[in-house]
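sequence isn't available, so here's the structure alone:
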């Protein structure tokens, strides 16, 4: 593993309590601003699918992409958050559902997404801002 994703996995493994990683795959649709000085795009981001995994279940970013593409290739970004466990035990997958729903709601409602790590298909960090 290399790049931003591997840094994220390593950081999750080093937390005081075991982590469960929450991932929301989203599709961006928009238009580039016209003009020679325009570097930003505007548009919408739509949640497509979610998954939660323990850091140990993630072999590589390429493997995650392959798994996601097996469901839908229509995504552009993955938003990632961590959910900490307690008493040395990672949260069960059932505990992830309300947080995954919150992530989807945050995207749909145009909420602040700075609490999430957002990566494109090439592991590049992405900054999404609400308008």
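Alright, I've got the coordinates. It should be emphasised that the depicted structure is a prediction, and the values quoted were computed from it without experimental measurement. Numbers count the residues shown, from 1 in each chain.

do you know the pLDDT at residue 102?
As predicted, residue 102 sits at a pLDDT of 97.

that one: how many residues sit nearby?
14 (other C-beta atoms under 10 Å). Heads up, the C-betas are built off the backbone N, CA and C, glycines and all.

wasn't it part of a helix?
Yes. Residue 102: assigned to a helix according to DSSP: H, G, I helix; E, B strand; the rest coil.

residue nearest the centroid of the protein?
Nearest to the geometric centre of the chain sits residue 79, at 1.7 Å (C-alpha atoms, centre = their mean).

residues contacting that one?
23-24, 26, 103, 107, 113, 116-118 (C-beta atoms under 8 Å, 6 or more residues apart in numbering).

repeat that for residue 65.
Counted by C-beta under 8 Å, 6+ apart, residue 65 has contacts residue 121.

helices of the protein, start to end?
Counting by DSSP state H, the chain has these helices, from start to end: 4-13, 61-69, 93-108.

and the buried ones among the contacts of residue 79, selectable in ChimeraX?
Of those, the buried ones can be selected in ChimeraX as follows, counting by 16 or more other C-beta atoms under 10 Å:
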select :23,24,26,103,107,113,116,117,118
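
can you add distance to residue 62 and give the contacts of residue 79 back as a markdown table?
Listed next are the contacts of residue 79 as a markdown table, based on distance: C-beta to C-beta, whole Å:
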| residue | distance to residue 62 |
| --- | --- |
| 23 | 15 |
| 24 | 19 |
| 26 | 19 |
| 103 | 23 |
| 107 | 24 |
| 113 | 24 |
| 116 | 21 |
| 117 | 17 |
| 118 | 18 |
